[in-house]
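Engineer: Please work out how this folds:
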Amino acid sequence: MDPIITDRLILRPFQEGDAPDLLAYLSHPRASCFLSLKLDDLDAAAAEVDARSRSDEHLAVCLRSTGRAIGDLFQMPEPPDTHSVGWNFNAEFAGAGYAAEAARALFDHLFTARQARRLYAYVEDTNIASQRLCERLGMRKEGLFVEFISFTTDGDGNPLYENTMQYAILRKEWRA
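Structural biologist: Next comes the predicted model:
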């Protein structure tokens with residue numbers, strides 16, 4: 001996939017050299033849905049960067065000014081014309097509007113270049129920042145899945161289930 005350039009960001013495939021930046025935010029994932037991606041060291045981060053570099057599903061979100069990867073976006077196509085989307089950003093860069101800027105650029109790309117008809121995202125009910133981002137992007141809350149998924153266990157090893165919301169937007173809504 002060719003890079004997508006915004007005013008402040010470059011969205012591009014992961015590449016060699018991104019491991020330290022990826023480790024910076026995946027060594028302590030903020031959202032429980034990313035706990036399975038937790039990275040313990042630079043070698044694990046390099047392996048993850050290598051895997052991501054061979055797929056269009058993940059894009060590194062980099063500052064134009066420094067080239068530093070500050071997060072990532074992901075999209076998974078579901079034929080014929082739907083994409084699951086999501087994001088994960090380094091907390092150090094929160095509050096500057098980077099996630100919204102990056103997601104808008106990805107949505108534009110998916111709706112125009114990939115001719116997506118529908119985009120949707122799953123967000124845990126405790127992830128208020130991602131819920132607000134979905135709403136800023138014009139996505140509507142379509143439902144709440146009660147005790148939908150477990151990312152962690154309690155002290156006895158029993159799964160702790162989380163409520164998950166689904167947000168979505170159609171191409172015709174995006175254009176409006």
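Engineer: Next, the residue nearest to residue 87 when sequence neighbours are not counted: phi, psi?
Structural biologist: Sequence neighbours aside, residue 73 is the residue nearest to residue 87 in space, at 5.1 Å (criterion: Cβ to Cβ, 6 or more residues apart in numbering). All C-beta atoms are positioned from the backbone trio N, CA, C, and that covers glycine. Phi and psi for residue 73, reported as degrees, to the nearest 10, are phi -120, psi 150.
Engineer: any idea how far residue 73 lies from residue 156?
Structural biologist: Relative to residue 156, residue 73 is positioned 36 Å away (Cβ to Cβ, to the nearest Å).
Engineer: Packing partners of the worst-scoring helix or strand of the chain on mean pLDDT?
Structural biologist: Sorted by mean pLDDT, DSSP states H and E, the helices and strands of the chain end with strand 140-153, the least confident at a mean of 91. Judged by 3 or more Cβ pairs under 8 Å, 6 or more residues apart in numbering; DSSP states H and E, the packing partners of strand 140-153 are helix 128-136, strand 159-170.
Engineer: give me that answer again for 6 Å
Structural biologist: strand 159-170 (3 or more Cβ pairs under 6 Å, 6 or more residues apart in numbering; DSSP states H and E).
Engineer: starting at the chain centroid, how far to the next helix-or-strand element following the strand it packs on?
Structural biologist: From strand 159-170 onward toward the C-terminus, using DSSP states H and E, the following helix or strand is helix 171-175. Averaged C-alpha coordinates place helix 171-175 at 20 Å from its chain's average position (Cα atoms, centre = their mean, to the nearest Å).
Engineer: and if you look at stretch 100-119?
Structural biologist: The answer for stretch 100-119 is 13 Å, by Cα atoms, centre = their mean.
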